[in-house]
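Peer 1: kindly generate the corresponding structure for this input.
(one chain, ligands or ions: 1)
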Amino acid sequence: MSTELLSIKGVSKRFGGLRALDDVNLSVEKGSVHAIIGPNGAGKSTLLNCLVGRIIPDEGSVTFDGDSLLGHKPHQINQAGIARVFQTPEVFGDLSVFENVMIPACAKRDGAFRINAWGRARERRVVREEAEHILDDLNLWQQRDQIVNSMSRGDKRRLELAMCLVQHPKLLLLDEPTAGMSRADTNNTVDLLKKIAERGVTKVIIEHDMHVVFSLADKVSVMAQGTVIAEGTPEEIKASERVQEAYLGGAHL
Ligand SMILES: Nc1ncnc2c1ncn2[C@@H]1O[C@H](COP(=O)(O)OP(=O)(O)OP(=O)(O)O)[C@@H](O)[C@H]1O
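Peer 2: Model (predicted):
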């Protein structure tokens, strides 16, 4: 029986004369942490955008849990079980931490981005308990009443992660989750992501920080110039001369 959760086959995308993605093939196993690395402009974000319906590929197929994702709107893809943490946290700055987590919790339960569940007492209790549990898990409970605009960037990213996890996604996409963080915040985020891995959430992570990649990933795909040039375990990728050459011009990873 296949344990494949996400299958990308022959995906290409042009922007005018530029081939941002050129026949990309990638397979993500259920329960794994799959990192995508590569130099600036390699096509990593474009690929992620194809997975969440923000960009429609010119060619190829994207299959998630047996169903094609192509042609579906971002919110439909989210409802199908894919959640994404952005490079710049997408949170509601004027609301409290708790309110931010309640919104996706209610939306997911209701099956659409409406918050009808607010009106139903029993549902509301279950949703509240879930939100409280996630905040506790992500060390945000103390800040539950804080207005989000007053939080640090690192805390906002943690909140965005909580907003994703409360939806119980099958697949979590993380776009440079430690970008702009101090080493201490980066290490905390790695610990947090390891903790989430224990819940069995499948993750695709785009990351420039090799310490983060090699601490978390089960498998690494290396992109350059719109295509996957190498794939393997962190150890295989570290040892690959082709990767050293393409990624860092021969410097060691
Ligand atoms: N909407 C767009 N219109 C035109 N060109 C684009 C668009 N989006 C991306 N590109 C180009 O496609 C190529 C791939 O970009 P992409 O952002 O996917 O790379 P990346 O690997 O994510 O880079 P980085 O690590 O810097 O985020 C780049 O040359 C970029 O300039």
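
Peer 1: and the average pLDDT for stretch 233-245 is what?
Peer 2: Averaging pLDDT along stretch 233-245 gives 86.

Peer 1: got the end-to-end distance for it?
Peer 2: 18 Å (CA to CA, to the nearest Å).

Peer 1: what kind of secondary structure is the spatially most central residue of the chain in?
Peer 2: Central residue of the chain (CA atoms, centre = their mean): Leu173, 1.5 Å from the mean position. State at Leu173, reduced to three classes by DSSP: H, G, I helix; E, B strand; the rest coil: strand.

Peer 1: offset the numbering so it begins at 670, please.
Peer 2: All right, first residue 670 from here; so that's Leu842.

Peer 1: so what pLDDT did the closest residue to it other than its chain neighbours get?
Peer 2: In space, and not counting its chain neighbours, Leu842 is closest to Arg753: 4.2 Å by CB to CB, 6 or more residues apart in numbering. Heads up, the C-betas are built off the backbone N, CA and C, glycines and all. Reading off the confidence values, Arg753 has pLDDT 87.

Peer 1: low-scoring stretches of the stretch 820-922 of the chain, by residue?
Peer 2: 916-922 (pLDDT under 70).

Peer 1: okay, helices next: where are they in it?
Peer 2: Here the stretch 820-922 of the chain has its helices, by DSSP state H, counting those that start in this stretch, at 822-834, 852-866, 879-885, 903-908, 910-917.

Peer 1: residues in contact with the longest one?
Peer 2: Outside of helix 852-866, the residues that reach it under the criterion CB atoms under 8 Å, 6 or more residues apart in numbering are 702, 806-807, 823, 826-827, 830, 834, 841, 843, 846-847, 850, 872, 874, 878, 880-881, 884-885.

Peer 1: hey, which of the helices of the stretch 820-922 of the chain is tucked in deepest?
Peer 2: Ranked by mean neighbour count under mean count of other CB atoms under 10 Å, the helices of the stretch 820-922 of the chain are led by helix 822-834, which reaches a mean of 22.

Peer 1: and Gly679, what are its phi and psi?
Peer 2: Gly679 adopts backbone torsions of phi 60, psi 30, taken as degrees, to the nearest 10.

Peer 1: now Leu738
Peer 2: phi -90, psi -10.

Peer 1: burial of Ser821, as a residue count?
Peer 2: Other residues within reach of Ser821, judged by other CB atoms under 10 Å, total 10.

Peer 1: same for the helix ranked longest in the chain, what does it pack against?
Peer 2: Looking across the chain with DSSP state H, the single longest helix is helix 790-806. Contacts defined by 3 or more CB pairs under 8 Å, 6 or more residues apart in numbering; DSSP states H and E place helix 790-806 against helix 766-779, helix 822-834.

Peer 1: same list (those helices) but as a markdown table, adding distance to the ligand.
Peer 2: Formatted as a markdown table, the helices and strands packed on helix 790-806 follow (distance: least, CB to the nearest ligand atom, whole Å):
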| stretch | distance to the ligand |
| --- | --- |
| helix 766-779 | 25 |
| helix 822-834 | 16 |
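
Peer 1: closest one to Asn747 among these?
Peer 2: Among the helices and strands packed on helix 790-806, helix 766-779 comes nearest to Asn747, with 8.2 Å by CB to CB.
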